[in-house]
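**Student:** Sharing a model prediction with you, sequence too.
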Amino acid sequence: MLPKSQRLNLKKDFKWVASGKRIDTKFATLFLKTGDNNTARVGIAVSATRFKKATQRNRARRLLSQAFQSTYYLLPSTINIIALPKLGVLEVKSTEVLEDLKEVLRKI
């Protein structure tokens, strides 16, 4: 898990970032917005309507969190990201999620 200083925590921050650019990947939908922060911040939002069981929500959150932790060095320092996992993330291994995220972050 990323340290608290590198995470989006407030509801107003999530709404602000959600109004930014949207990118769809294989396993997640990403919302990106640059701000005046001096470290990149990441938030993960998992929908209870899409993932019915808590174990599914927790696994999806863990997979994306681990992928962002591994690729944090690729992020620009002023970026804010919200990640919404897709159902397909539960059926793959963490390495596939990591490769998908690396590919998208290199393009940014």
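**Tutor:** Here it is on my side, so go on. Residues are numbered from 1 along each chain as shown.
**Student:** which SS class is the closest residue to residue 5 other than its chain neighbours?
**Tutor:** Leaving aside its sequence neighbours, residue 5 sits nearest to residue 39 (Cβ to Cβ, 6 or more residues apart in numbering; 6.3 Å). Just so you know, the C-beta spots here come from the backbone N, C-alpha and C atoms, and that holds for glycine as well. Following DSSP: H, G, I helix; E, B strand; the rest coil, we place residue 39 in the coil state.
**Student:** Distance of residue 39 relative to residue 103?
**Tutor:** Distance of residue 39 to residue 103, given as Cβ to Cβ, to the nearest Å: 23 Å.
**Student:** do the same with residue 17
**Tutor:** Distance check for residue 17 against residue 103: by Cβ to Cβ, it reads 21 Å.
**Student:** More neighbours: the two, which one.
**Tutor:** residue 17 (23 against 11; other Cβ atoms under 10 Å).
**Student:** Tell me if I'm right that residue 61 and residue 85 touch.
**Tutor:** Yes: using Cβ atoms under 8 Å, residue 61 is in contact with residue 85, at 7.3 Å.
**Student:** which neighbours do those two share?
**Tutor:** 44, 46 (Cβ atoms under 8 Å, 6 or more residues apart in numbering).
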